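Asks: okay, sequence plus prediction incoming.
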Amino acid sequence: MIGASEHIRPRRQRASWFGRFQVAALVLLTLIAIISKFYLPRLIPSTVWLELPLLLTVYFGLKRPSPILALLFGAFVGIAEDSLAPENLPIGMYGITKTLVGYFAATVSVKFNVENSGIRLVLCFFFYIFHAFFYWLMRRALLGQLVPLDPRETLIHAAFNAAVALPLFMILDRMKLSGELTA
């Protein structure tokens with residue numbers, strides 16, 4: 001029996017090391033996504049519509065069916081995004097919207113099978129529209145700014161982001177699976 005418990009302990013340590021590695025990789029990818037949101041359009045102007053921090057928030061919410069963890073992750077992403085935003089907006093605008101997206105994505109993942117690519121596509125499309133609408137609503141209601149909202153442009157950007165989400169999610173899934181197989 002003593003030999004069996006010693007055999008189990010190294011596996012747990014290895015599994016915890018891979019878990020920490022995956023958390024570090026997720027944080028690093030998230031920071032890269034946030035930085036690229038503001039600097040990539042300077043290099044490639046046609047990527048203004050790309051919302052990688054939102055897609056990572058949705059992915060995390062869908063993969064972790066814990067609304068509290070997804071809520072905290074969304075808040076982290078949103079506040080980090082707010083701190084780099086070039087606009088003179090109060091910190092918390094992206095924080096609130098990303099928090100809500102993370103929470104709702106995790107809540108949806110509890111109720112539905114979100115491993116299907118079609119469902120992921122629809123959810124990313126929906127969450128982009130939700131994010132854009134709620135951000136627009138907060139700027140109008142809380143800040144009193146008359147910001148235009150173009151529904152046609154929002155739908156097009158939502159479709160592009162949903163299309164980008166599918167290969168991104170596949171890559172992230174493979175990264176996670178390779179870590180689980182080695183552990």
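Replies: Cool, the structure landed.

Asks: other SSEs contacting the helix or strand residue 75 falls within?
Replies: Residue 75 is part of helix 67-84 when elements are defined by DSSP states H and E. In this structure, helix 67-84 packs against helix 2-43, helix 52-63, helix 93-111, with contacts taken as 3 or more Cβ pairs under 8 Å, 6 or more residues apart in numbering; DSSP states H and E. The C-beta positions use only the backbone N, C-alpha and C, and glycine is treated the same way.

Asks: okay if I get those helices as a markdown table plus mean pLDDT and mean neighbour count?
Replies: Shown next, in a markdown table, are these (pLDDT from 0 to 100; neighbours: other Cβ atoms under 10 Å):
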| stretch | mean pLDDT | mean neighbour count |
| --- | --- | --- |
| helix 2-43 | 70 | 12 |
| helix 52-63 | 94 | 25 |
| helix 93-111 | 95 | 22 |
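
Asks: in JSON lines, list the ones you listed along with distance to residue 138.
Replies: Formatted as JSON lines, these follow (distance: least, Cβ to Cβ, whole Å):
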{"stretch": "helix 2-43", "distance to residue 138": "18"}
{"stretch": "helix 52-63", "distance to residue 138": "15"}
{"stretch": "helix 93-111", "distance to residue 138": "6"}
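
Asks: who's in contact with the residue nearest to residue 51 when sequence neighbours are not counted?
Replies: Beyond its immediate neighbours in the sequence, the residue positioned closest to residue 51 (Cβ to Cβ, 6 or more residues apart in numbering) is residue 161, lying 5.3 Å away. For residue 161, the set of contacting residues under the criterion of Cβ atoms under 8 Å, 6 or more residues apart in numbering consists of 49-51, 54-55, 124-125, 128.

Asks: check residue 155 too.
Replies: residue 129.

Asks: what mean pLDDT does the helix or strand it falls within get?
Replies: The secondary structure element spanning residue 155 is helix 151-182 (assigned by DSSP H and E). The predicted model gives helix 151-182 an average pLDDT of 84.

Asks: what angle do that helix and helix 52-63 make?
Replies: Compare the direction of helix 151-182 with that of helix 52-63 by axes from the mean of the first three to the mean of the last three Cα atoms, to 10 degrees and you get 50 degrees.

Asks: tell me which residues in the helix holding residue 75 are buried?
Replies: For helix 67-84, the neighbour count (16 or more other Cβ atoms under 10 Å) marks 67, 70-71, 73-82 as buried.

Asks: kind regards, and thank you for your time.
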